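Participant: Here is the input, now give the coordinates:
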Amino acid sequence: MRIKNDNNRSPRLADIIEQKVCRKQMGYMDAVLEYCREQDEDIEDVAKKLNKAIRDHIELEAQDLHFLPKNGVLPL
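Facilitator: Now for the predicted structure:
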């Protein structure tokens, strides 16, 4: 039986992505892409399964890489 949280997202997938980020010292975007390659899944299908925490990490990475505009971050 597959455990799902209240947002219908797979906590197992989030754990796998987090492990890749920590163990291989890679970014969240790279970890998701590697997971897709390993599992032979489309990125669009996996993106639907990601929880909010992983999505937020990816958004921050995209902002840091100037793929997305930064939202209201004050320089320190």
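
Participant: what helix or strand does the residue nearest the centre of the chain sit in?
Facilitator: Nearest to the geometric centre of the chain sits I54, at 3.8 Å (Cα atoms, centre = their mean). Assigned by DSSP states H and E, I54 falls within helix 52-64.

Participant: Give me the nearest residue to A53, chain neighbours excluded.
Facilitator: In this structure, A53 finds its nearest non-sequential neighbour in A14, 6.7 Å apart by Cβ to Cβ, 6 or more residues apart in numbering. For the C-beta atoms, the positions are set from N, CA and C on the backbone; glycine is no exception.

Participant: Following element in sequence after the helix or strand containing that neighbour, please.
Facilitator: Taking DSSP H and E as the definition, A14 sits inside helix 11-24. Using DSSP H and E, the helix or strand that follows helix 11-24 in sequence is helix 28-39.

Participant: Give me the contact list for that next one.
Facilitator: Helix 28-39 is contacted from outside by 13, 16-17, 20-21, 24, 26, 41-43, 46-47, 50, 54, 57-58, 61-62, using Cβ atoms under 8 Å, 6 or more residues apart in numbering.
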